[in-house]
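S.K.: structure for the following, please:
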Amino acid sequence: MSAIAPAKTPRPAVPSPRRTPSRRGSAYLSTHPRARLALLLSAPLFWLAAVYVVALALLLVTAFWTTDTYTGQIRTEFTADNIVTVVTDAFYQGITLRTVGIALAVTVIDVALALPIAYFMAMVASPALQRVLVVLVLTPLWASYLVKAFAWRSVLSSDGILEWLLRPLGGHTPGYGIAATIITLSYLWLPYVILPIYAGLERVPSSLLEASGDLGGRSWATLRLVVWPMALPAIIAGTIFSFSLSLGDYITIGIVGGGAQMLGTLVYQDIGAANNLPLAAAIALIPIVIIFGYLFLVRRTGALDNL
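M.R.: Model prediction:
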């Protein structure tokens, strides 16, 4: 006779999880990636809007106010006098041209220095040497801005090391002034130009260079027709850093610029010594308009994707 199988005891039913608001939200976010991305970006976007966009809007509004001549208090009466003064006055026009000229000179010098350095790092150096060179490029960024600026003040002084090196050759240090400001700013912003160009050149496929060589292209033709078009967005990205940082700087020219002034110097003086915040806001709009115009011109080159 076959044995009778014992009767199976029914298992207790597992209760379904409670539909709490947090569970419903998690289920919704797991099936809607765009909503999840929007939630993740909401906090930084709110901070960006509150700190940056609102600050720019308040700056624009402040530029249309005035300061009482006798009491020094800000009068919230709408007027375009500050804007008209900054745009039409020959003094502010000269300072603007000087500031733009310094920023352009710094940008040209930095690009001229950064291109061969970045090319060697990306195309010539071995992987181990690349890491060493990247560390060397980043090392100046670990030092204080003021320490580097005052170091150049010491180097460019009449009894500094540059004068000691050039005097036997019949040369002399440029001293303090516009030239010293351009030299110091070029040194300060050079790493910010090297790194984007290096990153752009590193993305150039080596197969394209080999194909150019197989087709009979010489080194100069390969650089001009293959490497340059692909590296141009990265070069423009580097110029954005050097140009914009130089355009708004006011500390360096105060340290090595002698009696020269830039737009940032005027903003600092109007806020501090003159206590004229509306005029300072109007002056601050000049570099903002210039850099936004520059970004508008280069937006189609892909440079903004390399920042």
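
S.K.: quick check on residue 66: phi, psi?
M.R.: phi -130, psi 170 (degrees, to the nearest 10).

S.K.: can you tell me the closest non-neighbouring residue to it?
M.R.: When the adjacent residues along the chain are set aside, residue 66 lies closest to residue 75, with 4.9 Å between them (Cβ to Cβ, 6 or more residues apart in numbering). C-beta here means a position set from N, CA and C on the backbone, and glycine is covered the same way.

S.K.: surely the one you found touches residue 62?
M.R.: No - in this structure residue 75 lies outside contact range of residue 62 using Cβ atoms under 8 Å: 11.4 Å.

S.K.: between these two, who's got more neighbours?
M.R.: The residue with the greater number of neighbours, taking residue 75 and residue 62 and applying other Cβ atoms under 10 Å, is residue 62; the counts read 19 against 12.

S.K.: show me what contacts the more buried one?
M.R.: Under the criterion of Cβ atoms under 8 Å, 6 or more residues apart in numbering, the contact list for residue 62 reads 74, 277, 278, 281.

S.K.: return the member of the residues you listed nearest to residue 37.
M.R.: Ranked by distance to residue 37 (Cβ to Cβ), these are led by residue 281 at 35.9 Å.

S.K.: how near is that closest one to residue 247?
M.R.: Noted for residue 281: a distance of 16 Å to residue 247, by Cβ to Cβ, to the nearest Å.

S.K.: on the three-state scheme, residue 27 is what?
M.R.: helix (DSSP: H, G, I helix; E, B strand; the rest coil).

S.K.: need the pLDDT of it.
M.R.: Per-residue confidence for residue 27 comes out at a pLDDT of 70.

S.K.: same question for residue 260.
M.R.: For residue 260, the model assigns a pLDDT of 83.

S.K.: quick one: contacts for residue 60?
M.R.: Applying Cβ under 8 Å, 6+ apart, the residues near residue 60 are 281, 285.

S.K.: also residue 85?
M.R.: When contacts are taken as Cβ under 8 Å, 6+ apart, residue 85 is in contact with 92, 279, 282.

S.K.: again, but for residue 141
M.R.: Residue 141 makes contacts with residue 191, as judged by Cβ under 8 Å, 6+ apart.

S.K.: where does it land on pLDDT?
M.R.: 87.

S.K.: phi first, then psi, for it.
M.R.: Main-chain dihedrals, residue 141, degrees, to the nearest 10: phi -70, psi -20.

S.K.: what ranges does the protein have for its strands?
M.R.: Listed in chain order, the strands of the chain (DSSP state E) span 66-67, 74-75.

S.K.: out of those, deepest packed?
M.R.: By mean neighbour count, with neighbours taken as mean count of other Cβ atoms under 10 Å, strand 66-67 ranks first of those at a mean of 18.
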